[in-house]
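In: only geometry, no sequence info:
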DNA sequence: GTCCCGAGGAACGTTCAACAATAAGGAGTC
DNA sequence: GACTCCTTATTGTTGAACGTTCCTCGGGAC
C-alpha cells in the first residue's frame, strides 16, 4: 500500500495549493475507505480539529465534502458519522452500476481502442495483488476496471459520479471480515468480461455484466446483513461501543 | 399544499431546521437558475454576507453547496462566480442525458405504470404555460418530464445526479434572449416521446429520444456560442460590465 | 506605441473565541 | 419499569482578525 510518497517535503511554491480543507478531506477519505474509520464512527469536528491541527471550521468544510461524496451522513444538530450503507443503499448502488456500466459496454464499439487495450492490465494487476495476498488492491483494481468501462463513454461528469459510487462501495469492502473470499472470485469474471469487450462481443458482454453485477450485489448485501446483525447484537450487549469515537 | 399537519400553530420548534447555509444556498440557486444572477457574475462572500444577513463563513458553505451542484465555479484564491457553460460542458451534459435517459426508456417496460400515466400531464402543463407565454415554465415542465423518465429507473442516486444536470442546463436557458423560440418547438416532440413510451414502443422511443437530444444539443450550443460572442464583444467594448457585480 | 514588470489594493483562506440552539443521555419521580 | 425533566456535550453560527494570493493599474524600457 504505497501512499502518496512523503507528503510533506517543503514545497513553498505550491502552485495551485490544494487547500487545507481539501487536504483534511483527503486524509479522512483515505481513512474511511481503508476501514480505519469504520461505519458508524462519529466524526466530531472538535476532535478532528485537534487531530488534524486545523480549525474547527475547516474540518466542517472537509466533512461537507465527504458528505457530498456519500461517505458521511449528518443530521442538523446530531453531527456527522461515517455512513452505514443499508441494503437499500446497496441496491441503489448496483442499479446505478448496472445502467451506467451497461451504457459503457454499449459505447465500447465507438470508443478509443487504446482505452480498451488498457483493460487487461487491470486484471493482471489484480492477479499480482492476489498473489501477494493484498486483497484490498485486488478490489481496487477491479473497481478501476469498471471505472474504465464507464470511462469509455468519455463523459467527465459520469466519471465523477461513478467515482462516488465506487467510493461508497468501498465502505462495504472495508467491513468484510474475510476480504479474500470477497474479492478473489471476481478476477476470473473480470477477465472474462474484458475478453468479451475486446473481442467486440457486445451482446455477450452485456449478459455477463448483468450476471456479474447481480451476483456481486448478492454478496455485498450478505456482508451488510452480517455486519448489520453484528452491530445489533453489539448494541444490545453491555456497553460495546455506544459511540465509536475516533481514537 | 398541506404541510405536515401542523399541530403547532407557530413554527418555533422548526423540527429539522433547513439550516442557515442551506437557506442561503437555496436562495442563490433560485436566483441563478432564473437568470437573475447570470453566468460570469462574481459571487463575493463579503457582499453576499451583507445581502443575506449571514456570516461570511456561512456564505462560504452555501457557495460550496452550489459548487457541488455545478452552478458555481471557484478557483483557489480567485473567488467564486456563476458558472459559464462551455460548449464542452454542454456536450458532456447531453452525453449524460443521452445515456441516462436512454436507460430510463429501456427500463420503461418494467416500471410502475402509474408513473408512466403521469407523463402526459407534464406535456399538458407545458402547453398551458405556452398559452400564457410563460416560457420559463414550458422549459421547466419539459425538464420535469425528462426527470420523470429517469425516475423510471427507481434510483434515488440517479435522480439526484440528473437533477444537477438539469440545473446546469437552466444556466443556458436563462441567457437565451428569445426563450420562446428556445422552448416552443419541444412541446410537440415531448408529446411524441410520451406517446411512444405509453404505447410501449421502446425501439421507436429510443430513436426519437436520440434525435431529440441531438437537436436540442445543437440548439443549446448555438445559444452558448451567441452569448459567448456577446460576452467577447462586450469585453472589448468600453467598460461594459468588466465584472458583473451583484448589486 | 507596445510590452514587461512591480506596487498597491481587493478578495480569499484560515484561525480563534464565543454564544445560542439543539439533541442525546441520565437522574429523579410516579 | 416507564415517563418526564434536566443536565450536558456538541453542533451551528457569528464576528473579527491576519496572512496569502490574485488582479489591476501605472511606470519604465525598448
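Out: Done, it's in. Here the structure is a predicted model, which is why all the values come from computation and not from measurement.
In: where does the closest residue to residue A:42 other than its chain neighbours land in three-state SS?
Out: Residue nearest to residue A:42 in three dimensions, not counting chain neighbours: residue A:81, with 5.0 Å by C-beta to C-beta, 6 or more residues apart in numbering or on different chains. C-betas here are computed from N, CA, C, even on glycine. Here residue A:81 is recorded as strand under DSSP: H, G, I helix; E, B strand; the rest coil.
In: surely residue A:73 meets residue A:83?
Out: Yes. With contacts counted by C-beta atoms under 8 Å, residue A:73 reaches residue A:83, the gap being 4.9 Å.
In: and these two? Which one has more around it.
Out: When residue A:73 and residue A:83 are compared for neighbours, residue A:83 comes out ahead with 21 against 16, by other C-beta atoms under 10 Å in any protein chain shown.
In: beta-bridge partners for the residue nearest to residue A:42, please?
Out: residue A:42, residue A:73 (DSSP bridges).
In: correct me, but it touches residue A:73?
Out: Yes. Counting by C-beta under 8 Å, residue A:81 touches residue A:73, with 6.2 Å between them.
In: who's in contact with the residue most central in space within chain A?
Out: Nearest residue to the geometric centre of chain A (C-alpha atoms, centre = their mean): residue A:167, 2.5 Å. Shown in contact with residue A:167 (C-beta atoms under 8 Å, 6 or more residues apart in numbering or on different chains): A:29, A:33, A:69-71.
In: of the residues you listed, buried ones?
Out: Among the contacts of residue A:167, the ones that count as buried by 16 or more other C-beta atoms under 10 Å in any protein chain shown are A:29, A:33, A:69-71.
In: residues near residue A:79, how many?
Out: Based on other C-beta under 10 Å, the number of other residues close to residue A:79 is 13.
In: check contacts around it.
Out: Neighbour list for residue A:79: A:42-44 [criterion: C-beta under 8 Å, 6+ apart].
In: just residue A:194 next, same as before
Out: For residue A:194, the contacting residues are A:119-120, A:122-123, A:145, by C-beta under 8 Å, 6+ apart.
In: switch the cut-off to 10 Å
Out: A:116, A:119-123, A:145, A:148-149, A:205 (C-beta atoms under 10 Å, 6 or more residues apart in numbering or on different chains).
In: wait, which of the residues you listed is closest to chain B?
Out: residue A:149 (12.5 Å; C-beta to the nearest C-beta).
In: so the closest one sits right up against residue A:197, yeah?
Out: Yes. Residue A:149 lies in contact with residue A:197 (C-beta atoms under 10 Å); the separation is 7.6 Å.
In: spit out the residues that contact the two alike.
Out: Common contact partners of residue A:149 and residue A:197 (C-beta under 10 Å, 6+ apart): A:104-105, A:108, A:111, A:116, A:119, A:205, A:209.
In: output the longest helix belonging to chain A.
Out: Secondary structure of chain A per DSSP state H: the longest helix is helix A:202-236.
In: and it, anywhere near DNA strand D?
Out: No. Using C-beta under 7 Å from any atom of the strand, helix A:202-236 stays clear of DNA strand D, with a minimum separation of 14.3 Å.
In: what's that helix packed up against?
Out: Applying 3 or more C-beta pairs under 10 Å, 6 or more residues apart in numbering or on different chains; DSSP states H and E, one finds that helix A:202-236 makes contact with helix A:87-106, helix A:135-151, helix A:156-174, helix A:179-183, helix A:186-198.
In: hang on, the earlier thing: which of the contacts of residue A:194 count as buried?
Out: With burial judged by 16+ other C-beta under 10 Å, the buried subset of those is A:116, A:119, A:122-123, A:145, A:148-149, A:205.
In: I'd like those residues as a markdown table, with distance to residue A:136 and pLDDT appended.
Out: Formatted as a markdown table, the buried ones among the contacts of residue A:194 follow (distance: C-beta to C-beta, whole Å; pLDDT from 0 to 100):
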| residue | distance to residue A:136 | pLDDT |
| --- | --- | --- |
| A:116 | 26 | 94 |
| A:119 | 21 | 97 |
| A:122 | 15 | 97 |
| A:123 | 17 | 97 |
| A:145 | 15 | 98 |
| A:148 | 19 | 97 |
| A:149 | 21 | 97 |
| A:205 | 27 | 97 |
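In: need the max-distance pair from those.
Out: Greatest spatial distance in the buried ones among the contacts of residue A:194: A:122 and A:205, 15.4 Å, computed using C-beta to C-beta.
In: residue ranges with poor pLDDT in chain A?
Out: Per-residue confidence for chain A (pLDDT under 70) gives these ranges: A:1-17, A:229-247.
In: show me which residues of it are close to DNA strand C?
Out: A:19-22, A:53-58, A:61, A:75-78, A:242-243.
In: what about 6 Å?
Out: By C-beta under 6 Å from any atom of the strand, the residues of chain A that approach DNA strand C are A:19-21, A:54-55, A:57-58, A:76-78, A:242.
In: buried set for stretch A:179-195?
Out: Judged by neighbour count using 16+ other C-beta under 10 Å, the buried positions of stretch A:179-195 are A:179, A:182-183, A:186-187, A:189-191, A:193-195.
In: who in chain A is up against DNA strand D?
Out: When proximity is defined as C-beta under 6 Å from any atom of the strand, chain A approaches DNA strand D at A:44-46, A:57, A:74, A:76-77, A:79.
In: can you say which of those are buried?
Out: A:44-45, A:74.
In: need those in CSV with distance to residue B:163, can you?
Out: Below are these laid out as CSV (distance: C-beta to C-beta, whole Å):
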residue, distance to residue B:163
A:44, 31
A:45, 28
A:74, 20
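In: nearest to DNA strand D among those residues?
Out: Nearest to DNA strand D out of those is residue A:44 (C-beta to the nearest atom of the strand; 3.2 Å).
In: what's the burial count for residue A:49?
Out: Residue A:49: 18 neighbours (other C-beta under 10 Å).
In: over to residue A:105?
Out: Considering only other C-beta under 10 Å, residue A:105 is surrounded by 22 other residues.
In: then residue A:31?
Out: Using other C-beta under 10 Å, residue A:31 has 15 neighbouring residues.
In: before we move on, what about residue A:42?
Out: The local packing of residue A:42 (other C-beta under 10 Å) involves 15 other residues.
In: cool, and residue A:131?
Out: Neighbourhood size, residue A:131 [other C-beta under 10 Å]: 9.
In: then the one 4 residues further on?
Out: The tally of other residues near residue A:135 (other C-beta under 10 Å) stands at 20.
In: thinking again about what came up before, of all the contacts of residue A:167, which comes closest to DNA strand C?
Out: Taking C-beta to the nearest atom of the strand as the measure, DNA strand C lies nearest residue A:29 of those, at 16.0 Å.
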